[in-house]
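Undergrad: Any chance you can model this:
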Amino acid sequence: EAMSMRAKNIVAGSCGGLTMISIFHPLDTIKTRVQTQASVFASAMYSGPVDCFRKTVEAEGVRGLYKGLTSPLAGIVFY
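TA: The predicted model follows:
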């Protein structure tokens with residue numbers, strides 16, 4: 001009985017973590033791209049987060065928003 005409850009908790013926590021990452025990872029990708037764009041001496045690639053979102057989807061498709069997703073997913077599984 002205790003093992004069954006433990007297994008349910010693991011599955012529930014994993015599902016919650018996967019849902020959170022799948023929703024918030026694209027926002028983190030956009031934030032990172034805007035923060036790491038060209039320096040003061042060069043022209044900026046994006047004028048803001050909405051522009052970054054639009055250009056990323058145009059150039060790479062929706063999959064571009066999920067680049068680097070493997071690492072956070074692995075962190076959820078092993079956490």
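Undergrad: just checking, what packs against the helix or strand hosting R6?
TA: Per DSSP states H and E: R6 is located in helix 2-35. On a contact count with 3 or more Cβ pairs under 8 Å, 6 or more residues apart in numbering; DSSP states H and E, helix 2-35 meets helix 49-60, helix 70-78. Using the backbone N, CA and C atoms, a C-beta is placed for each residue, glycine as well.
Undergrad: what angle sits between the shortest one and helix 2-35?
TA: Our comparison of helix 70-78 with helix 2-35, counting by axes from the mean of the first three to the mean of the last three Cα atoms, to 10 degrees, yields an angle of 160 degrees.
Undergrad: most neighbours per residue, which of the helices and strands packed on helix 2-35?
TA: helix 49-60 (a mean of 14; mean count of other Cβ atoms under 10 Å).
Undergrad: The closest residue in space to Y66 that isn't next to it in sequence: neighbouring residues, count only.
TA: Nearest residue to Y66 in three dimensions, chain neighbours excluded: H25, at 6.0 Å (Cβ to Cβ, 6 or more residues apart in numbering). Neighbours of H25 under the rule other Cβ atoms under 10 Å: 17.
Undergrad: Spit out the contact partners of H25.
TA: Listed by Cβ atoms under 8 Å, 6 or more residues apart in numbering, the contact set of H25 reads 65-66, 68-69, 72.
Undergrad: mind checking how far it is from E60?
TA: Going from H25 to E60 by Cβ to Cβ, to the nearest Å gives 14 Å.
Undergrad: again with M3
TA: M3 is 44 Å from E60, by Cβ to Cβ.
Undergrad: just to revisit the earlier point, which parts of the helix holding R6 count as buried, going by neighbours?
TA: By 16 or more other Cβ atoms under 10 Å, the buried positions in helix 2-35 come out as 17, 21, 25-26, 29-30, 33-34.
Undergrad: For K8, state which of those is nearest.
TA: Nearest to K8 out of the buried residues of helix 2-35 is G17 (Cβ to Cβ; 14.9 Å).
Undergrad: what pLDDT does A38 get?
TA: With respect to pLDDT, A38 scores 70.
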